[in-house]
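below are the sequence and a predicted model for it; my questions follow.
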Amino acid sequence: MFGLYITHPQVEIDPAVPVPDWGLSAIGRARAEASAGQAWVRRLTRIVSSGERKAIETSEILAAATGIKVETRETMHENDRSATGFLAPPDFEKAADWFFAHPAESYRGWERAIDAQARIVGAVDAILATHDTNKPIAFVGHGGVGTLLKCHLSGMPISRSQDQPGGGGNLFCFSLADRRISCDWTAMEIWQEF
């Protein structure tokens, strides 16, 4: 049976609002709604979300199609970048490159990649430890920690080469039986269960 890690789609960027409080943009909401119509969503038995607003909004749209309640886990948040606050997109991309290239070091006070990876892996492991592996589950979160989780599940070192395509709203699939990746990043609204 499958597990999914889903990243929230496009957000409304507002430098005056803390990043964890950003919500989905109109495009992001439309993509999540399109995804909610996919057959795989109706097969989900659990949706576990990061506590950040954009992830919760994505989860709630998917959950509305299933009739299940969203669970939140604060430990699934994105890598902590609060030390630098908002960075304009070109500066953010440079910082993200550095974050992945130097996983044991902190970029200007950011949470280190190795620490963020241990946190997201621990959160997913704790949930799966009591989850029935015959029941599909989705984790809804963020691109940075999602990439760190994917590296772990793939048995690969931390690398931005494993990052999702731009824009967010992607997912990867893994087997609940052995936790091996069974599909790479795919746009959430076009993924088809195989």
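Thanks, I have the structure now. Numbering: from 1, shown residues only.

contacting residues around residue 59?
Residues near residue 59 by CB atoms under 8 Å, 6 or more residues apart in numbering: 47, 49, 70, 140. (Each C-beta comes from the backbone N, C-alpha and C, glycine too.)

go on, residue 97?
Applying CB under 8 Å, 6+ apart, we find residue 97 in contact with residue 160.

what helix or strand does it sit in?
Using DSSP states H and E, residue 97 sits within helix 89-101.

state the next helix or strand along the chain beyond that helix.
That would be, after helix 89-101 and using DSSP H and E, helix 113-128.

can I get the following helix or strand past that next one in PDB? Just the C-alpha atoms.
Heading C-terminal from helix 113-128, the first helix or strand you meet, by DSSP H and E, is strand 137-141. Extracted as PDB, the C-alpha positions of strand 137-141 are listed here (Å, rounded to 0.1, in the frame of the first residue of the first chain):
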ATOM      1  CA  ILE A 137      -1.900   7.700   4.100                       C
ATOM      2  CA  ALA A 138      -0.800  11.200   3.000                       C
ATOM      3  CA  PHE A 139       1.600  13.500   4.800                       C
ATOM      4  CA  VAL A 140       1.200  17.100   3.700                       C
ATOM      5  CA  GLY A 141       4.000  19.600   4.200                       C
END
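
strand 137-141 packs against which elements?
strand 2-7, strand 46-50, helix 53-64, helix 113-128 (3 or more CB pairs under 8 Å, 6 or more residues apart in numbering; DSSP states H and E).

and residue 172, its phi and psi?
Phi and psi for residue 172, reported as degrees, to the nearest 10, are phi -130, psi 160.

could you give the average pLDDT over stretch 32-50?
Throughout stretch 32-50, pLDDT has a mean value of 97.

wait, residue 63 sits on residue 46?
No - under the criterion of CB atoms under 8 Å, residue 63 is not in contact with residue 46, lying 9.7 Å apart.

the two - which one has more neighbours?
residue 63 (22 against 19; other CB atoms under 10 Å).

contacting residues for residue 84?
Contacts of residue 84 (CB under 8 Å, 6+ apart): 95, 107-110.

that should have said residue 46, apologies.
68, 71, 131, 135, 137-138.

out of the residues you listed, the closest to residue 88 would be?
Nearest to residue 88 among the contacts of residue 46 is residue 138, at 31.6 Å by CB to CB.
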